[in-house]
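In: Return a 3D structure for these sequence lines:
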Amino acid sequence: MVIKKSGSAHWTGGLKDGMGEISSESGALNAHPYGFKTRFEGVKGTNPEELIGAAHAACFTMALSLILGDAGLTATSLDTKAVVSLDKVGDGFAITAIELNLSGTVPNADEARFTELANKAKEGCPVSKALATVPISLNVTFS
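Out: Have a look, this model is predicted:
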């Protein structure tokens, strides 16, 4: 079974004075603004790195929920923040790291088991696999 989902972007103008709009097939994003200023200067709008972070956090958290279920566990809560690092490399920029920060509450699990299962989710999540050329770290907070 192949599942295909899509996103699209429209751009007008030059790099620094131009603006783009990004949309998703589902409509969750609909002509949402992005551009140089939203990426590098903190202006309202989105940017590719935060979208990658949101996608990675969502995928990882869903994968962990599956892995917990396979282990007979159900989380009361799982919260993940993915921090994507964009650094100057040579003449351009590159995503150089992604840090997953996970906080979770899982009844009937201890911290060691939770961390073990979280690492399994980090390795198995489809977005982690797609981003495998970038170092991905995981920080776990268990309660």
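In: Who does P33 form a beta bridge with?
Out: Beta-bridge pairing for P33 (DSSP bridges): E21.
In: Okay, helices next: where are they in this protein?
Out: 36-40, 48-70, 111-124, 126-130 (DSSP state H).
In: possible to save these as a markdown table with mean neighbour count?
Out: C-beta: built from backbone N, CA, C; applies to glycine. Shown next, in a markdown table, are the helices of the chain (neighbours: other Cβ atoms under 10 Å):
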| stretch | mean neighbour count |
| --- | --- |
| helix 36-40 | 17 |
| helix 48-70 | 18 |
| helix 111-124 | 17 |
| helix 126-130 | 15 |
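In: Tell me which of those sits nearest to V140.
Out: Nearest of the helices of the chain to V140, taken as Cβ to Cβ: helix 111-124 at 4.9 Å.
In: So for that closest one, mean pLDDT?
Out: Here helix 111-124 scores 96 as its mean pLDDT.
In: before we move on, the earlier item: what's the closest of the helices of the chain to E99?
Out: helix 48-70 (9.4 Å).
In: picking that back up, mind putting the helices of the chain in CSV, distance to S24 included?
Out: Formatted as CSV, the helices of the chain follow (distance: least, Cβ to Cβ, whole Å):
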stretch, distance to S24
helix 36-40, 17
helix 48-70, 9
helix 111-124, 24
helix 126-130, 15
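In: out of these, nearest to T12?
Out: helix 36-40 (12.6 Å).
In: quick one: contacts of that closest one?
Out: 15-18, 43-49, 86 (Cβ atoms under 8 Å, 6 or more residues apart in numbering).
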